[in-house]
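A.B. asks: Based on what follows, work out the 3D shape:
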Amino acid sequence: MTTKAIALKTLTATAVLCALTATAQAATIGGTDVTYGGYVKLDAMWSDYSAGAPAGTSVGRDFYVPSTTPVGNDDNSDAVFDMHARESRFNFGTATLLDNGKTVKTHIELDFLASAPGGNERVSNSYSPRIRHAFISYDGWLFGQTWSNFQNVGALPEALDFIGPAEGTVFVRQSQIKYTTGAWSFSLENPESTITTPGGGMAVTDDASLPDFTARYTHKADWGNFVVAALARQLTYKVGGVDADETSFGISASGMVKFGEDNLKFMLTQGKGLGRYVGVNVAHGAVLNGNDLDAIDSTSGFIAYQHKWNSKWRSTFLYSFFSADNNTDLLSISGDPTESSQSYSANILYSPVKRLTFGAEFKHAERELESGVDGDMERLQFSVKYAF
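C.D. replies: Next up is the predicted model:
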């Protein structure tokens, strides 16, 4: 039997064993270490909207997306129940030691959220897989799609909701070239602009002549960590003879502080024309004013405290906010955009054994337009998750 065949047989045996024991899968094929992991998660949600529930096809019914919270008539309260397993995911990775003594790694991850359905909830509940991460890393360099260097994923609190502090966090995955040296990292990332067009509509344009640029510094200590990240990019709109562009920039500070077994996580982000980078695009990057772009200023952030009740029980208490400084002189063009969004939540999580978690979470969310019209949502969510 060849070396490759033996390795393949070992991989198959490992996969079978891991499927039976539900442990992390790993094997070696030739000179390449192979890993496989992910989790299965069921979410059940009861949501009460003050101004009527969004359509069942709305992504906001699967997880909290601030821009989908309806606003308007408070007498139109509507409660709905949803259940899905779309957040479940799996990943595959490799690590190969090269002849020069360095290691090249790859990583790819898929889930089923925010993807077009391949079936319906009447019979099959089929959903297409979508790519989350796909990248190569080598000698400090990263090439491919993953979290933006402007985002600090480590600051995200443990929540049952897919994102948690949705309006208060930087949250972007995209293709990039990133270089990390020591505590510093720099990246060139895929550009995209979201522009408010006359009447309040949104145009998504891909006309930038330059990539988005980020720089980030991470300080780690026994007490936790602190991250500062900066973003500079070009907003563009080249449609129907209009050729407009504007510079966008922002800065974000985030981190985690340990208090024994407890921890405090936080983020504060401020910038001009941040648009899709914050709040899951609750506000656009700029408003088209004739042949010019007027970038929208915004401030967002969150604070979350996690308390460990004992070795099996824990809770996270979270507050998140977003505020846009809309140019009121342009409301005749931009319509009635979101002026603010905020939410707070609390959960209780129970892990009877490692990797298995049962949880319950309550979330209250509010969204207000520039005119003062508002709406809110209250959601009670239950989840079961097993990581493998």
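A.B. asks: any residues touching the host helix or strand of Ala360, and which ones?
C.D. replies: In the assignment (DSSP states H and E), Ala360 maps to strand 356-369. With contact meaning C-beta atoms under 8 Å, 6 or more residues apart in numbering, strand 356-369 is reached by 64, 66-67, 69, 71, 159-161, 282, 336-352, 374-386. Yep, even glycine has a C-beta here, placed from its N, CA and C like the rest.
A.B. asks: Just to be sure, which of the residues you listed are found in strands?
C.D. replies: Secondary structure from DSSP state E places 338-352, 374-386 of the contacts of strand 356-369 in strands.
A.B. asks: Quick one: buried ones out of those residues?
C.D. replies: 338-345, 347, 349, 374-377, 379, 381, 383, 385 (16 or more other C-beta atoms under 10 Å).
A.B. asks: circling back to that earlier point, report the buried residues of the strand holding Ala360.
C.D. replies: Going by 16+ other C-beta under 10 Å, strand 356-369 has these buried residues: 357, 359, 361, 363, 365-369.
A.B. asks: With respect to Ser332, which of those residues is nearest?
C.D. replies: Among these, Leu369 lies closest to Ser332 (C-beta to C-beta), at 14.8 Å.
A.B. asks: Going by distance to Gly144, which of the buried residues of strand 356-369 wins?
C.D. replies: Thr357 (29.6 Å).
A.B. asks: Could I get the contacting residues of the residue most central in space within the chain?
C.D. replies: In the chain, the residue lying closest to the centroid (C-alpha atoms, centre = their mean) is Phe171, at 4.2 Å. When the contact criterion is C-beta under 8 Å, 6+ apart, the partners of Phe171 are 151, 163, 277-280.
A.B. asks: are any of the residues you listed buried, and which?
C.D. replies: Of the contacts of Phe171, these count as buried by 16+ other C-beta under 10 Å: 151, 163, 277-280.
A.B. asks: Now do the helices in the stretch 201-350 of the chain.
C.D. replies: 331-334 (DSSP state H, counting those that start in this stretch).
A.B. asks: correct me, but Asp336 touches Glu370?
C.D. replies: Yes: in this structure, Asp336 is within contact of Glu370 by C-beta atoms under 8 Å, at 5.7 Å.
A.B. asks: Give the next helix or strand downstream of the worst-scoring helix or strand of the chain on mean pLDDT.
C.D. replies: Sorting the helices and strands of the chain by mean pLDDT, DSSP states H and E puts helix 3-21 at the bottom, at a mean of 37. Using DSSP H and E, the helix or strand that follows helix 3-21 towards the C-terminus is strand 25-29.
A.B. asks: Now that next one: average pLDDT?
C.D. replies: For strand 25-29, the mean pLDDT works out to 81.
A.B. asks: With that, I have no additional questions.
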